[in-house]
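**Q** Attaching a predicted model along with its sequence, questions to come.
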Amino acid sequence: MKITVFGTGYVGLVTGTCLADVGHDVVCMDVDADKISRLEQGEIPIFEPGLSTMVERNVSSGRLRFTTDAEAAVAHGVLQFIAVGTPPDEDGSADLKYVLAVASTIGEYMQDYKVVIDKSTVPVGTADRVTAALQAKLDERGASLSFDVCSNPEFLKEGAAIEDFTRGARIVVGTDSDKVVELMRECYGPYNRNHDKLMFMDVRAAELTKYAANAMLATKISFMNEISNLAERLGADVEAVRRGIGSDPRIGYQFIYPGCGYGGSCFPKDVQALARTASQVGYEAELLNSVEAVNYRQKTTLFRKLSAAFNGELKGKTIAVWGLAFKPNTDDMREAPSRTLMEAIWEAGGRVQAYDPEAMKECRRIYGDRDDLVLVADQSQAVRGADALVIVTEWKEFRTLDFNWLKDQLSLPVLIDGRNLYEPDAVHEAGLMYYAIGRGESL
Ligand code: UGA
């Protein structure tokens with residue numbers, strides 16, 4: 001099948017590559033000429049396990065091509081995926097300018113029937129706006145051509161995007177056209193072999209499904225963070241509580257890990273955007289607002305504990321930070337709790353000595369060169385000469401730690417763990433103070 005994907009960011013690149021990998025003929029289009037030329041040379045702009053070899057394999061077989069030529073891109077596919085960015089506006093709603101620009105481009109160049117597929121996370125009602133933008137261009141041209149617009153949201157986790165695309169729980173398609181149903185069945189057929197994962201529904205339901213899924217997951221996390229704050233104050237171990245409630249299949253074990261707040265490009269943006277959509281239709285989404293407020297507060301918890309451990313005196317102190325990415329297996333630092341922590345340390349006059357297996361380049365890009373930020377080559381260098389250690393991201397390599405060694409490195413025996421990686425008793429045995437999330441000492 002001939003397929004065009006607009007946008008070679010995270011979602012577009014994974015979508016285009018995975019579809020090429022099962023034999024489709026895919027053209028990925030982007031307006032960023034530099035990005036396209038780097039992709040053509042096999043340089044992948046994002047860190048995603050497995051993606052680079054998959055791109056290479058499909059480029060060399062000729063099934064995956066990259067272009068900046070919009071006209072050729074529109075001419076190529078009967079399916080036209082829109083996978084461009086939807087950055088948040090100042091008021092938290094999703095900015096659709098890139099999505100609508102692609103719709104206009106398709107309207108400008110199309111010569112035959114197209115299915116336009118909203119893959120980007122877009123507010124409910126966007127398909128109607130895409131239809132209007134495309135139709136306006138056709139009218140301008142005086143062209144009478146038919147097209148359909150459908151919604152096909154992505155459910156990809158960074159770090160596991162290929163797995164999620166190829167073996168995801170469901171493929172949601174919002175459409176009222178039988179022709180689109182047929183074409184989307186053909187497109188996803190190779191990934192839909194063992195049981196039927198395709199769910200067809202109306203367009204608005206599909207658009208809302210995406211937001212509802214992310215908002216539900218964010219709610220689980222904020223709920224658990226709230227319980228962890230309570231557990232801490234009540235002297236209960238939240239990890240026991242987590243196991244206790246997770247064993248109920250109605251609750252489940254997933255996404256109830258307490259931590260230092262959710263980050264990334266999706267949950268914060270999507271919860272805000274859904275709350276904004278709600279207020280636009282005259283509904284105050286109290287639960288969503290609280291999910292966000294709890295998360296905002298949770299991101300400050302590591303600094304609060306750190307500051308309390310030093311009696312508010314962080315000036316001149318060197319704090320080791322393990323983990324900068326918002327979660328393991330990515331170099332993404334968007335909305336990462338590490339940023340809230342480091343910025344607060346700097347504000348208080350402290351220095352940061354940080355290590356992350358993937359996100360150091362990104363950290364340098366965000367913060368540039370500054371005296372109070374030292375990025376070091378490994379985790380032991382980060383604690384050398386430091387006053388305390390804070391763990392922000394649960395990279396696998398942080399899971400085993402020689403607590404006696406750590407105590408010798410730090411001037412104050414303080415370990416602050418934003419991901420509950422260790423057993424408090426084992427940490428205490430080495431004579432360290434252990435401040436975790438909803439367990440260990442309370443501060
Ligand atoms: C999320 C969703 O999980 C995907 O299904 C969705 O497709 C994607 O957003 C999107 O909308 O594109 P992602 O942001 O990559 O994926 O990351 P997650 O693995 O979901 O983690 C999000 C945040 O929640 C991280 O900061 C993580 O540390 C935190 N988290 C997760 C917790 O604090 N506790 C948990 O139990 C689980």
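**A** Right, received. Where do you want to start? Please read all numbers here as calculations on a predicted model, not as lab measurements.
**Q** can you pull the contacts of Ser37?
**A** Taking C-beta atoms under 8 Å, 6 or more residues apart in numbering as the criterion, Ser37 is in contact with no other residue. Backbone N, C-alpha and C define where each C-beta goes, glycine included.
**Q** Tell me how this protein divides into domains.
**A** For the chain, automatic domain parsing gives the domain ranges 2-201, 211-297, 299-435.
**Q** Save those domains as a markdown table, and put in distance to Ser442 and mean pLDDT too.
**A** Output for the domains of the chain, formatted as a markdown table (distance: least, C-beta to C-beta, whole Å; pLDDT from 0 to 100):
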| stretch | distance to Ser442 | mean pLDDT |
| --- | --- | --- |
| domain 2-201 | 32 | 95 |
| domain 211-297 | 5 | 96 |
| domain 299-435 | 8 | 96 |
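**Q** Output the ones you listed as CSV; include the columns distance to the ligand.
**A** Below are the domains of the chain laid out as CSV (distance: least, C-beta to the nearest ligand atom, whole Å):
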stretch, distance to the ligand
domain 2-201, 4
domain 211-297, 3
domain 299-435, 4
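**Q** Contact partners for the residue nearest to Asp91 when sequence neighbours are not counted?
**A** Distance criterion C-beta to C-beta, 6 or more residues apart in numbering; nearest residue to Asp91, sequence neighbours excluded, is Arg276 at 6.3 Å. Neighbour list for Arg276: 91-93 [criterion: C-beta under 8 Å, 6+ apart].
**Q** Make a markdown table from the domains of the chain and add distance to Glu441 to it.
**A** As requested, the domains of the chain are arranged in a markdown table below (distance: least, C-beta to C-beta, whole Å):
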| stretch | distance to Glu441 |
| --- | --- |
| domain 2-201 | 31 |
| domain 211-297 | 9 |
| domain 299-435 | 5 |
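**Q** that's a strand at Ile416, yeah?
**A** Yes. Counting by DSSP: H, G, I helix; E, B strand; the rest coil, Ile416 is found in a strand.
**Q** need the contact list for Val74.
**A** 4, 80, 105-106, 108-110, 114.
**Q** picking up where we left off before, counting neighbours, which of the contacts of Arg276 comes out on top?
**A** Ser93 (19 neighbours; other C-beta atoms under 10 Å).
**Q** In this structure it contacts Val122, no?
**A** No. Judged on C-beta atoms under 8 Å, Ser93 makes no contact with Val122 at a distance of 10.6 Å.
**Q** isn't Ala320 right next to Gln381, touching?
**A** No. Counting by C-beta under 8 Å, Ala320 stays clear of Gln381, with 9.0 Å between them.
**Q** any residues in contact with both of the two?
**A** 353, 355.
**Q** When these two are compared, which one has more neighbours?
**A** The neighbour comparison of Ala320 against Gln381 (other C-beta under 10 Å) goes to Ala320, with 27 against 15.
**Q** Give the helix, strand or coil label for the nearest residue to the more buried one once chain neighbours are set aside.
**A** Excluding its sequence neighbours, the residue lying closest to Ala320 (C-beta to C-beta, 6+ apart) is Ala386, at 3.8 Å. Look at Ala386: counting by three-state DSSP, its state is coil.
**Q** Run a quick neighbour tally on the closest residue to Pro413 other than its chain neighbours.
**A** Among residues not flanking Pro413 along the chain, Leu432 sits closest, at 4.6 Å (C-beta to C-beta, 6+ apart). Around Leu432 sit 24 other residues, with neighbours defined as other C-beta under 10 Å.
**Q** After the helix or strand hosting the residue nearest to Asp91, heading C-terminal, what element do we hit next?
**A** Here Arg276 sits within helix 267-280, counting by DSSP states H and E. Of the helices and strands lying after helix 267-280 in sequence (DSSP H and E), the nearest is helix 286-298.
**Q** Packing partners of that next one?
**A** helix 203-234, helix 267-280 (3 or more C-beta pairs under 8 Å, 6 or more residues apart in numbering; DSSP states H and E).
**Q** ok, Leu406 touching Val383?
**A** Yes. Counting by C-beta under 8 Å, Val383 is a contact partner of Leu406 at 6.4 Å.
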